[in-house]
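> Okay, predicted coordinates and the sequence, questions at the end:
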Amino acid sequence: MLAHGSTTVEVKSGYGLDTENELKMLRAIARAAESFPGTVIPTACIGHAIDPDVEPERFVRRTIDETLPAVAAEFPGIALDAYCEKGAWSLDDCLALFDAGQAAGHPIRVHADQFNALGMIGAAVERGFVSVDHLEATDEGGLLTLAGSRTFGVMLPASGFHLDDRYGDGRAFIDAGGRMALATNYNPGSAPCWSMPFVVALAVRRLGLTPAEAIHASTAAGAELLALPDRGRIEPGMRADLVVLDCADARSLAFEFGGNPVARVMVAGQWAC
């Protein structure tokens, strides 16, 4: 990821299915961060899957009553996430988790509208969640609702490229004033891609963004979403996380694809690779 220009990375837990394994993953993320030259932001995605061996209502209740307090005690203030989708966490179960999490001081991000729109957009806007991620199945009304709020829409075009060729309508969302961010969604199931340059190229081709919009959504917007005001822009006083591209025109970052256009990477004013 660093070699492809990512100096700040959000890493989520998930699929742990019990308190011990969710904590194990969050500890592993913290340990990995110690050897990464850039910044690693952990997120506790404790509502990602339902244990097939436990009755769903009991599993959700256990996650809220046991896993959430354990995570809050060891990782106070960490962002929470859940996957609101058929076959995963229902809208009501997600909101029960998030209401408990917000009451304990956790910011909320949510996976929603990847395959089915279950009503999370309105709830996310009403409750002031930080972001809604995916949005492939969001209709025009949902995009307009999200665009009229302070909640970020995070689109993940590598998922559509790998799975079913479905993409969020990034053009409509930005034209409506939406706060757009882009991410790889790097994972072994739906998006085995760690390259943000490829995501930029996809965003221009499949989401309808201009190269400048895609670059902004991959840098300054992501920094703002993660509450990191010292990066994402090139101006005095910033952290100096910088990427040197091996091209004469920044638009080549979107035009060319399949290789790595990053020549060098600087983190906090020091060359990292």
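That came in fine, so what should we check first? Since the structure is predicted, the reported quantities are computational estimates derived from the model, not experimental observations.
> Adjacent strands (with direction) for the helix or strand harbouring Glu10?
Using DSSP states H and E, Glu10 maps to strand 8-12. According to DSSP bridges, strand 8-12 forms sheet pairs with strand 39-47 (parallel).
> Now the helix or strand just after the partner strand - C-alpha only, CSV.
Counting by DSSP H and E, the element after strand 39-47 in chain order, helix or strand, is helix 56-62. Provided in CSV are the C-alpha atoms of helix 56-62 (Å, rounded to 0.1, in the frame of the first residue of the first chain):
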residue,chain,number,x,y,z
PRO,A,56,-29.2,-14.3,15.5
GLU,A,57,-31.0,-12.3,18.1
ARG,A,58,-28.8,-13.8,20.9
PHE,A,59,-25.7,-13.1,18.8
VAL,A,60,-26.6,-9.5,18.3
ARG,A,61,-27.4,-9.0,21.9
ARG,A,62,-24.1,-10.6,22.9
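> What residues sit buried inside helix 56-62?
Of the residues in helix 56-62, those buried by neighbour count under the rule 16 or more other Cβ atoms under 10 Å are 59-60, 62. Every C-beta, even on glycine, is put in place using the N, C-alpha and C of the backbone.
> tell me which strands and helices it is in contact with?
Based on contacts counted as 3 or more Cβ pairs under 8 Å, 6 or more residues apart in numbering; DSSP states H and E, the elements that helix 56-62 packs against are helix 91-103.
> Please identify the pairing partners of the helix or strand following the helix it packs on and their relative orientation?
Going down the chain from helix 91-103, the next helix or strand is strand 109-112, by DSSP H and E. Paired neighbours of strand 109-112 in the sheet (DSSP bridges): strand 79-84 (parallel), strand 131-134 (parallel).
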